[in-house]
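**Q** following is a predicted model, sequence given first.
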Amino acid sequence: MDLDSALAALRSLAKPGRIEGNRRVSAGNSLSLGVPVPEVRRLAKRIGHDHLLAELLWQTRISEARQLAAMVEDPALVTEAQMERWAADFDCWDVCDGVCWLFGETPFAWRKAAEWARRDEEFVRRAGFSLMAYLALHDKNAPDARFLPLLDLVREQAGDSRNFVKKAVNWALRQIGKRNLALNAAAIATAEAIRAGGTRSGRWVAADALRELRGDAVQARLRERADDPRRQPLR
């Protein structure tokens, strides 16, 4: 499928009534057509992987086109330079997180998670923590030791009061803490240290994470996983 056909397909799925709502929750400068994400996913399945089309879609600055770009891009062809270029364009949480699902499948994911978590730009920093959440959920073979430095970054940046950052910090903390009992204990200790730090955003990050990580449902499922290591990380 060429660019014109892909854009025409997106426009045929547009629901203009969704545009204003999308702008309110995304707080971005990108254009929006109002296409629901499930519709973008269905279109992506029709297209399949297409590296060239992904780049052309990205350049349109249309949110749904960028979501589609992340879905049709081949992670095996993504370069570190491309990751940096796309990250510099992030201006809304939904595109940022969708692209991180792509970037999480690249060999650069772990390094970029750590690098971007310390970057000043709001959505680049969010991307760092979104990548952490993705890795915690999907990198099944990663040893616990790889996640401990990420928890240090969670603690370091938990005081960032920007809404889209603190929610991603919280997300990363919770996902790491739901991998297994050992990381659950480490994540709880991190949350306690964040809470003791006393910042308003840190207290929110910690309280929300502790509520889930100490909850009966998570604890029961982690104990079950300890008895059956073949089971997947908790969502």
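**A** Great, that's in hand. Everything numeric here is computed off the predicted structure, so don't read it as measured data.
**Q** residue ranges in the protein under the pLDDT threshold?
**A** Within the chain, the stretches with pLDDT under 70 are 17-30, 229-235.
**Q** what helix or strand does the residue nearest the centre of it sit in?
**A** In the chain, the centroid-proximal residue (C-alpha atoms, centre = their mean) is residue 130; its distance is 3.0 Å. The secondary structure element spanning residue 130 is helix 122-138 (assigned by DSSP states H and E).
**Q** beyond that helix, next helix or strand please.
**A** Stepping forward along the backbone from helix 122-138, the first helix or strand reached (DSSP H and E) is helix 144-157.
**Q** what's the distance between that following helix and the middle of its chain?
**A** In terms of C-alpha atoms, centre = their mean, to the nearest Å, the centre of helix 144-157 is set 16 Å apart from its chain centre.
**Q** and this protein, what are its domains?
**A** By the record's domain assignment, the chain is partitioned as 1-91, 108-235 (automatic domain parsing).
**Q** the residue nearest to the centre of the chain reaches residue 168, doesn't it?
**A** Yes: the pair residue 130 and residue 168 passes the contact test of C-beta atoms under 8 Å, sitting 5.3 Å apart. Using the backbone N, CA and C atoms, a C-beta is placed for each residue, glycine as well.
**Q** picking up where we left off before, the residue nearest to the centre of the chain: what's it in contact with?
**A** Listed by C-beta atoms under 8 Å, 6 or more residues apart in numbering, the contact partners of residue 130 are 96, 97, 100, 168, 171, 172.
**Q** picking that back up, so which of the domains of the chain is the most packed in?
**A** Ranked by average neighbour count under the criterion mean count of other C-beta atoms under 10 Å, the domains of the chain are headed by domain 108-235 at a mean of 18.
**Q** I'd assumed residue 104 was in contact with residue 138.
**A** Yes: checked against C-beta under 8 Å, the pair residue 138 and residue 104 is within contact range at 6.2 Å.
**Q** quick one on the thing from earlier: so which of the contacts of residue 130 belong to helices?
**A** If you go by DSSP state H, the contacts of residue 130 have 96, 97, 100, 168, 171, 172 in helices.
**Q** give me the nearest residue to the third one, chain neighbours excluded.
**A** Using C-beta to C-beta, 6 or more residues apart in numbering and skipping residues adjacent in sequence, the residue nearest residue 100 is residue 130, 4.0 Å away.
**Q** what's the spacing between residue 210 and residue 173?
**A** In this view, residue 210 and residue 173 are 9 Å apart by C-beta to C-beta, to the nearest Å.
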